[in-house]
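[1] Predicted coordinates and the sequence they were generated for:
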Amino acid sequence: MAFFGLFSKEKKETLDKGLEKTKQSFLSRIARSIVGKSKVDEEVLDNLEEILITSDVGVETTLKIIDRIQNRVSRDKVLGTDELNTILKEEIAGLLEENNSNGKIDFQLPKIEGQPYVIMVVGVNGVGKTTTIGKLAHQFKEAGMKVVLGASDTFRAAAVDQLIIWAERVGVPIVQQGMGADPASVAFDTLQSAKAQGADVVIIDTAGRLHNKVNLMNELTKIKRVMDKVIPNAPHEVLLVLDGSTGQNAYEQAKQFSLATDINALAITKLDGTAKGGVVIGISDQMKIPVKYIGVGEGMNDLQLFDRNEFVDSLFS
């Protein structure tokens, strides 16, 4: 199986199924809002604005989308309601493209000469952080890469134990020192071990507490500083995992973590269990950080590389 390869029929069906709740809620409400209407007018736009906001697209992003549609209405004079879904689809796709959300359907890790590629994973407890790490490790391994995990979330014993279970399940080595160990020390040992083993990828788990942003910032900064001593410029990727089912709370978490550390990629999980899939659009727009992965099911391969075109097509299919 190719890691995050071309969109196969199976992956497309998984995406369609994963977004089913969002799609049903979204499209049915749009259909109801235009009953008896032949053209897009102020009332239709007001209804659409409410639908987008309550679908967790977010107020600022919704206003951008409505403004774009209003401009098209002004330009085209008469815009039929039968065209509304197509127009909305085009504007959302355009917004995602402008915000640099990944539109490619092939994915390869950048080559770091003689060094493993280091991913530091952050996010609050309960968002699916450990599961995301496990699924990433599985798909990297399936692609023929050598993966090492590092258990730097030493704040909770359960976090270390869960990552050990995932490492055993996937069949990859893990470096851990148990609960209460210094997270930076674990990260340091993990990178040294990965270099010694000739690993291709290192994935470091970190603590998921947000109640004290100063402590979190200090801890993450220390981990990054220590890793840089072992592998220059590590971590190469700081991946923030967010729970899509929490809607706008996910956006608030993204803002808080962006203040604590330099995030350059997002993973949005649990989209299969919610009608709040619109949050992907809002977070991408407001954070200006690429959505890299989406979780659309429980299976090992149901963590997919986010493809804006496939996402929008699925949402409006």
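    Perfect, thanks for sending it.

[2] contacting residues around Ala121?
    Not Ala; residue 121 is Val. Taking Cβ atoms under 8 Å, 6 or more residues apart in numbering, we find Val121 in contact with 129, 132-133, 203-206, 239, 241. C-beta coordinates here come from the backbone N, C-alpha and C atoms, glycine included.

[3] Which of these fall in helices?
    Taking DSSP state H as the definition of helices, these contribute 129, 132-133.

[4] Would you mind giving these as TSV with distance to Lys17 and neighbour count added?
    Shown next, in TSV, are these (distance: Cβ to Cβ, whole Å; neighbours: other Cβ atoms under 10 Å):
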residue	distance to Lys17	neighbour count
Lys129	23	28
Thr132	19	23
Ile133	24	29
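
[5] of the residues you listed, closest to Gly277?
    Thr132 (17.0 Å; Cβ to Cβ).

[6] any idea how far the closest one is from Thr54?
    Going from Thr132 to Thr54 by Cβ to Cβ, to the nearest Å gives 27 Å.

[7] still on that earlier bit, now, among the contacts of Val121, which is nearest to Glu43?
    Nearest to Glu43 among the contacts of Val121 is Val241, at 39.7 Å by Cβ to Cβ.

[8] how many other residues sit next to that closest one?
    Val241: 26 surrounding residues under other Cβ atoms under 10 Å.

[9] thinking it is in contact with Ala265, fair?
    No - when contacts are counted by Cβ atoms under 8 Å, Val241 is not listed as touching Ala265 (9.9 Å).

[10] model confidence over stretch 67-75, on average?
    Averaging pLDDT along stretch 67-75 yields 87.

[11] What of stretch 191-199?
    The model assigns stretch 191-199 a mean pLDDT of 96.

[12] Tell me the spacing between Phe26 and Lys276.
    Taken as Cβ to Cβ, the span from Phe26 to Lys276 is 10 Å.

[13] shared neighbours, these two?
    Ser55.

[14] Centre-most residue in the protein?
    By Cα atoms, centre = their mean, the chain has its centre lying nearest to Ala267, at 1.8 Å.
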